[in-house]
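Engineer: Quick one, what's the 3D model for this:
(chains A, B, C, D, E and F)
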Amino acid sequence: MLEAITDHYNYWLVIFLLMAGLFVTMTSGNLVKKIVGLNVFQTAVFLFYISVGKLEGGTAPILTGEPEQFSNPLPHVLILTAIVVGVATTALGLALVVRIRETYGSIEEARLQEADRQDELRAAAEQGR
Amino acid sequence: MIALVQDIVSGILLLAGATFVLIGTLGLLRLPDFYTRLHGAGITDTLGAELMLFGMMVQAGFSLVTVKLLLISLFVFFTSPTATHALANAARVTGLRPALVPEADIETLRTRDD
Amino acid sequence: MWTAAAIALLVAMMMALARAFLGPSLFDRILAINSFGTKILLLIGVLGFLTERPEFMDIALLYALVNFIGTIAVLKFFRYRNLGLSGPAAGNLENRE
Amino acid sequence: MAPDMVTVIDLVLLALLCATAIAIILVRQLFAVAMLTGAFSMLSAGLLVTLDAVDVAFTEAAVGAGVSTVLLLGTLALTQRRSEETRRRGTAPALLAVILTGCALVYATTDMPGFGDPGAPGFRHVVPEYISGSETDIGVPNIVTSVLASYRGYDTLGEVAVIFTAGIGVLLLLGRRREDEIQDEARRSDSGGEG
Amino acid sequence: MAFLDHVAILQVAVPLLAAPLCVMLPGRHLPWALTLSVSWFTLICSVVLLSEVSAGGSIAYHLGNWPPPIGIEYRVDAINALVLLVVSGISAIALPYARTSVEHEIEPDKHGLFYTAYLLCLTGLLGVTITGDAFNIFVFLEISSLSTYVLVATGARLDRRALSAAYTYLVLGTVGATFFVLGVGLLYMVTGTLNLADLAERLPPLAESRVVQAAFAFVVAGMGLKLALFPLHAWLPNAYAYAPSLVTVFLAATATKVSVYVLLRFVYTVFGHEFAFIEPVLAWLVLPLAVIAMLAGSVVAIHQDNLKRMFAWSSIAQIGYMMLGLALANASGLTATVLHLFNHALMKGALFMALGGVMLRIGAVSLTSVRGLAREMPWTFAALVIGGLGLIGVPGTVGFVSKWYLILAAIEKGWWLLALLIAAASLLAVIYVWKLVEAAYLQPAPQDRERVRDMPPDMLIPLWVLALANIWFGVDAGLTTSVAGTVVHAFLGGGS
Amino acid sequence: MRHHLVLRVVSKLLIPFMLLFALYVQFHGDFGPGGGFQAGVIFAAAFILYALVFGIDHAREVLPERVLRYLVPAGLALYTLTGFAGIVLGGKYLDYDVLGSTPTAGQHLGILLVEFGVGVTVSAVMVTVFFAYAGRTRDVDEEDW
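Structural biologist: The predicted model follows:
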């Protein structure tokens, strides 16, 4: 039992983090906060990968000339790429939020949906004439 | 022998630094308002941090690491007070009031605004 | 010795983070985060000595250099309402939650 | 002694990370969210250091401290500072989905190789060749660099393309229109310099 | 010959090189011309690849000359050669059409950036399809996704709802991609490899592992989000409805198909359909969802006034057909999926191209606004009808072929009710297509609308190329079915 | 930000070091942590600091958007072209072995070029994004403040 905990505590906390991030993303009505939630969610996945690569008693995968045990460098490489993807997504998402604020006047999802519904009705009314 | 002296000196510096960091942060947590908390943060960011960095330098001996540590301490020495200064300024400009200053004194403070 | 330093830093980090959570004004949060950055920097340095991998120092150096930007951006944000330099200085604004 | 301390640090940082995540959920002031995101990034950088992922920590630090906060603040400056947080309908299904995800992962952990277990397949397949090859084939001490730029260089090409896409996207979405530039010129000649 | 040795990488690397060049090009016509020529080049590459692998072999290309699983490899077999052909073919046909349409819908000073984003999207989709490395799939998926969000958002010039649609798509798409990465990470954890072929070798002994089961769940959930499987489809209707015409044509015809391909690849090659835990997932989760998608998508489509939205909902229904074939997991079902992958691209490509023409001429695409328009734009509406007949599955169109196999698959399993439901969904398609035909052909034109001409020839010719392809591959399905046969043989193995 | 003498002085002191550090990270990535991406971000961060303290207009003078327009694609183009160089010289795409006289030299050259490409594109994109945000002013709603 104790071994199960020492073996997996890291993963469990990361899973909690992942759930928190996903929860914010799905339930927050604010567009900026959704993006932040997405960030938390992605960071949790990154930490998960890096935890997979950790070696007990290992060190950072940089050769020093001495024989050493290294942690797994492959997840590090993958997550470097994933972090970059995350930053790109964040930048794009926030740019979209700015444009939405400019055109809709709000960054609350509920108001956006309301505005979209109004647009729908207006379009129908115009074409019905 | 030298190693022992190194250990002792760096240990003292580190522990002193850690103590200051702790005290400063306690201030940050416990002091009553933003302007007073600035003092706590100041202790952590300059005295505490510098002492700990010096402790690390002593331990590292003469190497690239020491150079890096020296640079770090230099930058921390400059940026931390600047950041704190900028913050205090922003806080005052945007009208955050010190909790402990009587209402009348705030008026005098405001007239001296730029 | 390193252990003691690390523990002290961890405790300090918790306290700073608590201040960041509690606020109450935004400036308290910024101050706490700023100070938190210094502690992370120190912790990474201490970790470098703990695990005997001095490469970590590069990260600490990075934080020493770059952490400043966030605070400046905040200042700019409050005084001019945007990050470009166009608006007038903000007037008397309410910043308490 | 030393490795144990690293474990303690690891645990404390993870706990703080979770606490920050909860705070992000609860706080409504978007500005505070931005600040907490900064703290979140620093904590994860620290955590990545304890997990030996120096390069990743370096990236997280650079991005978190240098770019993310500024971007978030820039967005807030252009939008608004407070989330109304009208709890949307559909919280229950979201919660269900989140819990389902969590359960699936916890279910998976019961069968996982332990944390830091040297016998895990990840350490036995492919990776030994990277570690030995980094010295003999490529001659670069930082294994992460050699995997990133050479063994899996194509992924990195994709990564640059992603960043490039983001740049193009932001230009398309927020790029300055001609009128803006004209107004800009006018403003500058009016005021005769910045104030 | 050098070209033949490197054709697999040129397929992706050339558009990827063209993207940065495109930004630097001035004006509006040069970026378009570059994109057009690159599209045609990728089409040539994919034709070459398909002809080389159609016998059932496969081509491997080791990037950086590192043998897999150390390096990343490109591996082409019949299924991804077919998808490559769909993606590059649609792009090649859509680009001549694009010039007039884009000029009408995108700000004049942004054409260079727009075509760059388009090229990146093309690169991403081709890269996802051709690669043999699980993480590489994610990277290229994100290239295509990010550019897609941008492309959808450029529709904001005509309708601001494009922005909120793009935002929703961004959030859901990122969640989907992250789930996929999580699944790949779990697989890596227990196998130590990212190469798809290597994974396929190392997974069977781990069939009992809970990690592998969770990995499967995450890959399916992630891809389900990307391909808009029924309860995860929220992003699709608005994204398709408010994107610029060219983008809708390209996305509707290709993007979801690529995700379906990835799912097929994971279910049938990486995991292998004989995995004990996969069969119940397919039978009890994917299959019911596919049936619901099929019916619900069609029903909602009937109630739409906006025609782009109507066909977007119809896409959700059609994705239901594809997933149904995948979930049935027998030879006829998989043939139906593979065929429908190809056929649906032809149908939706033609339909959305025709709607783009309507958009160009009258500035709106709703049932009320197209009243009586068929007399003024006869060629456009004739093509629309052909596409609509395909959606219904009338014999002589491509839709018939794939639905035929699907019903066959249901009957082979002895599930008559399912066969009936498939037929019922087709009847629903009759209703919404009829609503369109009725409005355009039988109702009088509103008085206040000016008379318009038909689409310009540079848009009409690509449209009719696709429309005729709809009929051609419907009458002579030999080529597509033979490729599908090869694919299915590879998926199900000699055994079954 | 004319009043902020302290800020200006400290920033002037800091920015050269940040640029130097970015270069160090760019070219020291073989031995320590870091590489093109991180260097690009640090470079962009230095530039952002400059723009924040000295004003966006000054920053635009130092690095005009015309130039940025070419820098953004230049890095990606360099990377892809390095890949094509592998094909031209008789290897596979992104094969660095053939770039130099010995495989190891080729690898070194390839990694150098590629990392440089990454750095250029990343820094240019980050600065572009910052400009796009900071160059935009919005209609201020008082109730938000």
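
Engineer: Tally up the residues packed near F:E61, please.
Structural biologist: F:E61: 10 surrounding residues under other Cβ atoms under 10 Å in any protein chain shown. (Each C-beta comes from the backbone N, C-alpha and C, glycine too.)

Engineer: what's the spacing between it and D:G133?
Structural biologist: Using Cβ to Cβ, to the nearest Å, one gets 47 Å for the distance from F:E61 to D:G133.

Engineer: quick one: the helices in chain A?
Structural biologist: In chain A, the helices defined using DSSP state H lie at A:2-27, A:31-53, A:73-104, A:109-128.

Engineer: residue contacts, the residue of chain C found nearest chain A?
Structural biologist: Nearest to chain A, among the residues of chain C, is C:R53, at 5.4 Å (Cβ to the nearest Cβ). Taking Cβ atoms under 8 Å, 6 or more residues apart in numbering or on different chains as the contact definition, C:R53 lies against A:59-60, A:62, D:54.

Engineer: So, low pLDDT: which residues of the chain?
Structural biologist: Using chain A. Residue ranges of chain A with pLDDT under 70: A:1, A:67, A:127-129.

Engineer: nope, chain F
Structural biologist: In chain F (pLDDT under 70), the answer is F:1-3, F:137-145.

Engineer: Quick one: name the residues of it near chain B.
Structural biologist: Counting by Cβ under 8 Å from any Cβ of the partner chain, chain F comes close to chain B at F:3-4, F:6-7, F:10, F:13-14, F:17.

Engineer: which one of the residues you listed sits closest to chain E?
Structural biologist: The nearest member of the residues of chain F next to chain B to chain E, counting by Cβ to the nearest Cβ, is F:F17 at 31.3 Å.

Engineer: Could you look up the SS state of that closest one?
Structural biologist: Put simply, F:F17 is helix when judged by DSSP: H, G, I helix; E, B strand; the rest coil.

Engineer: The lengthiest helix in chain D relative to helix A:2-27, how many degrees between them?
Structural biologist: The helix that spans the most residues within chain D, counting by DSSP H, is helix D:2-26. Interaxial angle, helix D:2-26 versus helix A:2-27 (axes from the mean of the first three to the mean of the last three Cα atoms, to 10 degrees): 30 degrees.

Engineer: Check which helices and strands helix D:2-26 sits against.
Structural biologist: helix A:2-27, helix A:31-53, helix C:2-22, helix C:26-50, helix D:30-50 (3 or more Cβ pairs under 8 Å, 6 or more residues apart in numbering or on different chains; DSSP states H and E).

Engineer: avg pLDDT for the third one?
Structural biologist: Going back to what we said before, that points to helix C:2-22. In this model, helix C:2-22 has a mean pLDDT of 92.

Engineer: That one and chain B in contact?
Structural biologist: Yes: where contact is defined by Cβ under 8 Å from any Cβ, part of helix C:2-22 touches chain B, namely C:2, C:4-5, C:8-9, C:11-12, C:15-16, C:18-19.

Engineer: Now, of the residues you listed, which are buried?
Structural biologist: C:2, C:5, C:8-9, C:11-12, C:15-16, C:19 (16 or more other Cβ atoms under 10 Å in any protein chain shown).

Engineer: now those residues in TSV, with distance to E:Y97?
Structural biologist: Below are those laid out as TSV (distance: Cβ to Cβ, whole Å):
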residue	distance to E:Y97
C:W2	67
C:A5	67
C:A8	68
C:L9	63
C:V11	66
C:A12	64
C:M15	64
C:A16	59
C:R19	60
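
Engineer: Now for those: which two are most distant?
Structural biologist: Using Cβ to Cβ, those span at most 25.8 Å, a distance reached by C:W2 and C:R19.

Engineer: ok, now which ones touch D:V12?
Structural biologist: C:10, C:13-14.

Engineer: ok, now with 6 Å
Structural biologist: C:L10 (Cβ atoms under 6 Å, 6 or more residues apart in numbering or on different chains).

Engineer: roughly how far apart are it and E:D454?
Structural biologist: For D:V12 relative to E:D454 (Cβ to Cβ), the value is 71 Å.

Engineer: go on, E:A445?
Structural biologist: From E:A445 over to E:D454 (counting by Cβ to Cβ), the distance is 14 Å.

Engineer: Could you do E:Q443 as well?
Structural biologist: Relative to E:D454, E:Q443 is positioned 19 Å away (Cβ to Cβ).

Engineer: could you list every residue that touches the residue of chain A found nearest chain F?
Structural biologist: With Cβ to the nearest Cβ, the shortest gap between chain A and chain F falls at A:A91, namely 5.2 Å. Counting by Cβ under 6 Å, 6+ apart, A:A91 touches D:166, D:170, F:129.

Engineer: give me the number of residues near residue 74?
Structural biologist: As the question left the chain open, I've gone with chain A. A:L74: 28 neighbours (other Cβ under 10 Å).

Engineer: switch to chain C, that's the one I care about
Structural biologist: Counted with other Cβ under 10 Å, C:V74 comes out at 27.

Engineer: again with A:N30
Structural biologist: Neighbours of A:N30 (other Cβ under 10 Å): 26.

Engineer: Then the one 10 residues further on?
Structural biologist: Neighbour count of A:V40, defined by other Cβ under 10 Å: 26.

Engineer: Go ahead and confirm it touches A:G21.
Structural biologist: Yes: taking Cβ atoms under 6 Å as the definition, A:V40 is a contact partner of A:G21 at 3.3 Å.

Engineer: follow-up on the earlier one: in the longest helix of chain D, what's buried?
Structural biologist: Judged by neighbour count (16+ other Cβ under 10 Å), helix D:2-26 contains these buried residues: D:5-7, D:9-14, D:16-21, D:23-25.

Engineer: Mind picking out the helix or strand in chain B with the poorest mean pLDDT?
Structural biologist: Least confident helix or strand, chain B: helix B:103-111 with a mean of 58, by mean pLDDT, DSSP states H and E.

Engineer: can you tell me if the strand or helix carrying C:F68 touches chain B.
Structural biologist: Assigned by DSSP states H and E, C:F68 belongs to helix C:57-80. Yes: interface with chain B: helix C:57-80 contributes C:57, C:60-61, C:64-65, C:68, C:71, C:75, C:78 (Cβ under 6 Å from any Cβ of the partner chain).
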